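Q: please find the sequence and the predicted model below.
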Amino acid sequence: MTQNSKLTDMHRRNRGASLLEVVITMMVIMVITAIAIVQLKPSLRNARTDTAMRQVVDQLRQAREYAISNRRYVQITFPIVAGQYEVQMTQLNTLTPGGGAVNPVLSTVALEAPLQFTVFPAKGDTPDAYGNSASIVFGGINGGPPTGMYFQSDGELVNGATFLPINGTVFIGVPGDTSTARAVTIMGTTGRVRGWNGAGTVWKQF
């Protein structure tokens, strides 16, 4: 082999990847990345939904514990502010509108969009059977009693008008996507709060 042939052969070995090889490699990487994103998307969506359900559960439990610890009525509301779905707890220093006392908001938790309070009629009610006629049902009333619902100092959740215990359900998810169906139930007499996962064929306690 001549010196020129040796140099040419060495040049070919050290030339590196051609443009075509680089393009093919990038395409393979992009395909693998796309497949991974598609496979991870449902898991990420379920994780976000579970997080929202836990936030509602935690907020309600905190409201109950605060009512017991501080011997105060704590009101639970589910406002929608600028399209943001929230759960809010408020300490009630007076139950009389315009009574002069200030009722401070203790905590507000917003659901991450596109999650919202929404009912899934096809899923049916949770095993607690507190109602599923709307996304928020307390005491069998859509949205809860007009006078509101309060945790009181013994831990019960009561109707703001009668002060009798009421059960309630809050449904969470992305409208039209039953895989995101979640629910939170409250037993009025004990203040017990439970989370439910409705992604499968039946509701399962979380």
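A: Cool, got the structure. Quantities reported herein were computed from a predicted structural model and do not represent experimental measurements.
Q: ok, then the element right after the helix or strand that contains Ser107?
A: Assigned by DSSP states H and E, Ser107 belongs to strand 105-110. If you walk from strand 105-110 toward the C-terminus, the next helix or strand you reach (DSSP H and E) is strand 116-117.
Q: in its sheet, what does that next one sit against?
A: Strand 116-117 pairs in its sheet with strand 168-174 (antiparallel), by DSSP bridges.
Q: quick one: buried residues of whichever helix or strand comes after the partner strand?
A: Heading C-terminal from strand 168-174, the first helix or strand you meet, by DSSP H and E, is strand 177-187. With burial defined by 16 or more other CB atoms under 10 Å, the residues of strand 177-187 counted as buried are 180-187. Any C-beta I mention is one placed from the backbone N, CA and C, and that applies to glycine too.
Q: please apply the same query to stretch 62-78.
A: Neighbour counts using 16+ other CB under 10 Å place 62-64, 66-68, 72-78 of stretch 62-78 among the buried residues.
Q: as a markdown table, those with secondary structure would be great.
A: Formatted as a markdown table, the buried residues of stretch 62-78 follow (DSSP: H, G, I helix; E, B strand; the rest coil):
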| residue | secondary structure |
| --- | --- |
| Gln62 | helix |
| Ala63 | helix |
| Arg64 | helix |
| Tyr66 | helix |
| Ala67 | helix |
| Ile68 | helix |
| Arg72 | coil |
| Tyr73 | strand |
| Val74 | strand |
| Gln75 | strand |
| Ile76 | strand |
| Thr77 | strand |
| Phe78 | coil |
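Q: returning to that earlier point: Pro165: which of the buried residues of strand 177-187 is nearest?
A: Relative to Pro165, the closest of those is Met187; by CB to CB it sits at 8.2 Å.
Q: show me what contacts that closest one?
A: 128, 157, 167 (CB atoms under 8 Å, 6 or more residues apart in numbering).
Q: partners of it in the sheet?
A: The partner residues for Met187, given DSSP bridges, come to Arg192.
Q: can you tell me how far it is from Phe171?
A: 17 Å (CB to CB, to the nearest Å).
Q: same check, this time on Arg182
A: From Arg182 to Phe171 the distance is 7 Å (CB to CB).
Q: what's the farthest-apart pair in the buried residues of stretch 62-78?
A: Greatest spatial distance among these (CB to CB): Ile68 and Phe78, at 21.7 Å.
Q: report the separation between the two terminal residues of stretch 124-139.
A: 17 Å (CA to CA, to the nearest Å).
Q: can you start the count at 6 instead of 1 from here on
A: Taking 6 as the first residue, the last one we looked at is stretch 129-144.
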